[in-house]
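Undergrad: quick one, what's the 3D model for this:
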Amino acid sequence: MIKNFQNQVMRASKLLAAGTVCALWFSTGAQAQSDNSFTLTPYKASYTAYKWGDDVGEAHIELSELSDNQYSLLYTSKVSKFFLSDKRSEHSIFTLNDSTVVPSQYFYNRSGTGPDKELVVTFGQQGGEKIVVENGDIYNWNGEFDNQIYRLDLAKQLAKGVTELDYSFVNYRGELRNYGVKVIETETLTLPYGKLDAVKVKLIRDSKKRETYAWFAPSLDYALVRLQQFKDGDEQGDIKLKSFQPE
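TA: Numbering: from 1, shown residues only. Predicted coordinates:
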């Protein structure tokens, strides 16, 4: 009985990894009409999180315009299995200057089973071009994005037909990171939302332990419609679009 209980706990813990997977990518709501034209369309999107075919939770993303050229991108997710739970939120405040996405503030919060976590990152403060992690490091700001908004530029580049990209950003732990993105193929997906043609990309990391694939739909302004991640060959989560509503 004890061994069976331990196996259930281990399985549930792996299911909760879907919460981390949700936080890696987001629906962009970005449009690119030409090389120099880049606009953002406010929207609301929801996703269902799966693990080994089980429905374990949901994620929601909202892009809204706060004022002229200032935007808010809010991500929330809630995943649970048995008595374990994982609840996360990411909130980016940023501007769009001459078709360039410029971060201003980034907020991260995680609660549930295990240690809680909060993070606040401010860009361009303390009298210079700095990235300030509250109660943490201070970096020279050399154009890095926050953990979310670099993917807004990804939509622009995919719309232009670019197949390989490289981004530097501050992740949800307050660390500087660099990821590559490579287009793999185009395929038709069957999702809770319905059937969609999507561009499949792979996230390129230095570590070979994790593999992350994401699908973006041209018909929805290159919104994220599916995300699947593996660690050491084991699926951590599979996130699929359920609804998408331009505002």
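Undergrad: every contact and neighbour count from this point should use C-alpha atoms.
TA: Will do.
Undergrad: can you pull out the low-pLDDT segments for the chain?
TA: The model of the chain has pLDDT under 70 over residues 1-38, 125-127.
Undergrad: centre of the chain to the biggest strand by length in it, how far?
TA: What stands out as the longest strand in the chain, according to DSSP state E, is strand 176-191. Strand 176-191 has its C-alpha centroid displaced from the chain centroid by 12 Å (CA atoms, centre = their mean, to the nearest Å).
Undergrad: that strand: what's the following helix or strand?
TA: strand 194-204 (DSSP states H and E).
Undergrad: can you show me the CA trace of the following helix or strand past that following strand as CSV?
TA: Next in sequence after strand 194-204, counting helices and strands by DSSP H and E, comes strand 210-217. Output in CSV follows, covering the C-alpha atoms of strand 210-217 (Å, rounded to 0.1, in the frame of the first residue of the first chain):
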residue,chain,number,x,y,z
ARG,A,210,14.7,18.9,-22.4
GLU,A,211,13.0,19.1,-25.7
THR,A,212,10.3,21.6,-26.3
TYR,A,213,8.1,21.9,-29.4
ALA,A,214,5.5,24.6,-30.2
TRP,A,215,2.9,25.1,-32.9
PHE,A,216,1.8,28.6,-34.1
ALA,A,217,-1.2,29.2,-36.3
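Undergrad: give me the buried positions along strand 210-217.
TA: Across strand 210-217, burial judged by 16 or more other CA atoms under 10 Å covers 210, 211, 212, 213, 214, 215, 216, 217.
Undergrad: that strand packs against which elements?
TA: Contact here means 3 or more CA pairs under 8 Å, 6 or more residues apart in numbering; DSSP states H and E; on that basis strand 210-217 packs against strand 194-204, strand 223-231.
Undergrad: most packed of those strands?
TA: By mean neighbour count, with neighbours taken as mean count of other CA atoms under 10 Å, strand 223-231 ranks first of the helices and strands packed on strand 210-217 at a mean of 23.
Undergrad: the following helix or strand past it pairs with which strands, and in what direction?
TA: Once the chain leaves strand 223-231, the next helix or strand it forms, by DSSP H and E, is strand 234-246. When sheet partners are counted by DSSP bridges, strand 234-246 sits next to strand 43-51 (antiparallel), strand 223-231 (antiparallel).
Undergrad: could you dump those into CSV with distance to residue 88 added?
TA: Putting these into CSV (distance: least, CA to CA, whole Å) gives the following:
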stretch, distance to residue 88
strand 43-51, 13
strand 223-231, 17
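Undergrad: of these, which approaches residue 79 most closely?
TA: When the strands paired with strand 234-246 are compared by CA to CA, strand 43-51 sits nearest residue 79, at 7.6 Å.
Undergrad: alpha carbons of the closest one, as CSV, please.
TA: This file holds the C-alpha atoms of strand 43-51, laid out as CSV (Å, rounded to 0.1, in the frame of the first residue of the first chain):
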residue,chain,number,x,y,z
TYR,A,43,-6.9,39.1,-27.3
LYS,A,44,-7.9,36.5,-24.7
ALA,A,45,-6.9,32.8,-25.1
SER,A,46,-7.3,29.7,-23.0
TYR,A,47,-5.6,26.3,-23.1
THR,A,48,-6.1,22.8,-21.7
ALA,A,49,-3.1,21.1,-20.1
TYR,A,50,-2.6,17.4,-20.5
LYS,A,51,-0.2,14.8,-19.1
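Undergrad: quickly run through the sheet partners of whichever helix or strand comes after that strand, with directions.
TA: Under the assignment DSSP H and E, the closest C-terminal helix or strand after strand 43-51 is strand 54-67. Strand 54-67 has the following strand partners under DSSP bridges: strand 43-51 (antiparallel), strand 70-81 (antiparallel).
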